[in-house]
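# quick one, what's the 3D model for this:
(2 chains)
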Amino acid sequence: MPDDTPAGTAPALGFSITFNIHDRSQIVAQSFVPFEATDDDIDKALDKVMRALDRQAAKYQVKDLRKKLEFEEIALKNQVEKVADFQNAAAAEHASSGRRGEFKLNKQQEVGLENHRKTIEGMKYNVERYRVNIAELEAMIR
Amino acid sequence: MASSRRIDRSKVPPEMLAKAREQALLKQARIMAEQELGISSEDVPVQKGPLSDEGDLESVYINFADYIDRITLDGVTYMHGRTYELPKAKADVVREQMARSWRHQAEIEGKDNPTFYLEQQQRNTAIRLSPKKGTARVQLAS
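Residues are numbered from 1 along each chain as shown, chains lettered A, B, ... in the order given. Model (predicted):
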């Protein structure tokens, strides 16, 4: 193919970006800007390519996050049930022990219950975080 | 040693009690015979498992490498980023697992341990005070 570039024209600045979309896929994006391009022009071109790549990655990330959210919601539900079981077991132990007086958790049970509560807090935090992340990614894809 | 639990004798039929007495005597006779033969295990104190809930409680800030967000011990989940009160045996297990997670992270990042730990410490350090216990400890926080 004949080269019709006028003699003396400055070469373009080329760039190549390798982007890992997820563990099985990779995209290589290539583009260029004129050699005389300002820093702003270069930034604009790179931002445009990166936005396109981020959008592609978001499609996969949102799937992963939805799955994580589903698992975390199940884990949270189980954890809440576990706390209820824990309290019921403590109450049953008190009832069967024949001890008189108002039911009260002992020190070890109190610490155990507090630890369960902290775990629930952590799981709730994760659920909220996943929801926010999913919303952000969905906004990006649209 | 007599049990301090209150026993409601009215709920136990006499024939059942007679049978239980007989079984208890048989058990005692078996222990005596085994002791005479030097094969008794009844008088050997039972050592509870290494993850028993005995011992003083310790405050542990759960701080795993990025790829882990929780640890489950004996069916109880402990979330990353929370501070739990744990018996010493469990606290030691959690600390060991946290150290192993960071070692793994250092390995996959191709860094030697001292450099890696220094980076983590510089990233974020928290000082935790326990006025009740009179302790102060510098811990990593994510």
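
# make it CA atoms for all contacts and neighbour counts henceforth
Will do.

# kindly report the residues of chain B close to chain A.
Counting by Cα under 8 Å from any Cα of the partner chain, the residues of chain B close to chain A are B:5-6, B:76-82, B:84-85.

# JSON lines for these, including pLDDT, secondary structure and neighbour count?
Formatted as JSON lines, these follow (pLDDT from 0 to 100; DSSP: H, G, I helix; E, B strand; the rest coil; neighbours: other Cα atoms under 10 Å in any protein chain shown):
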{"residue": "B:R5", "pLDDT": "59", "secondary structure": "coil", "neighbour count": "10"}
{"residue": "B:R6", "pLDDT": "68", "secondary structure": "coil", "neighbour count": "10"}
{"residue": "B:V76", "pLDDT": "88", "secondary structure": "strand", "neighbour count": "14"}
{"residue": "B:T77", "pLDDT": "91", "secondary structure": "strand", "neighbour count": "17"}
{"residue": "B:Y78", "pLDDT": "94", "secondary structure": "strand", "neighbour count": "24"}
{"residue": "B:M79", "pLDDT": "94", "secondary structure": "strand", "neighbour count": "26"}
{"residue": "B:H80", "pLDDT": "92", "secondary structure": "coil", "neighbour count": "22"}
{"residue": "B:G81", "pLDDT": "89", "secondary structure": "coil", "neighbour count": "17"}
{"residue": "B:R82", "pLDDT": "91", "secondary structure": "coil", "neighbour count": "17"}
{"residue": "B:Y84", "pLDDT": "94", "secondary structure": "strand", "neighbour count": "22"}
{"residue": "B:E85", "pLDDT": "92", "secondary structure": "strand", "neighbour count": "17"}
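
# these: which two are farthest apart?
Taking Cα to Cα as the measure, these span a maximum distance of 44.5 Å, between B:R6 and B:G81.

# buried set for the helix or strand that contains B:E36?
Counting by DSSP states H and E, the element that carries B:E36 is helix B:14-37. Within helix B:14-37, the residues that count as buried by 16 or more other Cα atoms under 10 Å in any protein chain shown are B:I31.

# and what of stretch B:85-98?
Buried, per 16+ other Cα under 10 Å, within stretch B:85-98: B:85-91, B:94-95, B:98.

# what about those residues, which are in strands?
Assigned to strands by DSSP state E, the following of these qualify: B:85-87.

# of those residues, which is the nearest to B:E22?
Among these, and counting by Cα to Cα, the member closest to B:E22 is B:P87, at 41.2 Å.

# and chain A, which residues reach chain B?
Those residues of chain A that sit near chain B, judged by Cα under 8 Å from any Cα, are A:97-99, A:111, A:115-116, A:118-119, A:122-123.

# thank you, goodbye.
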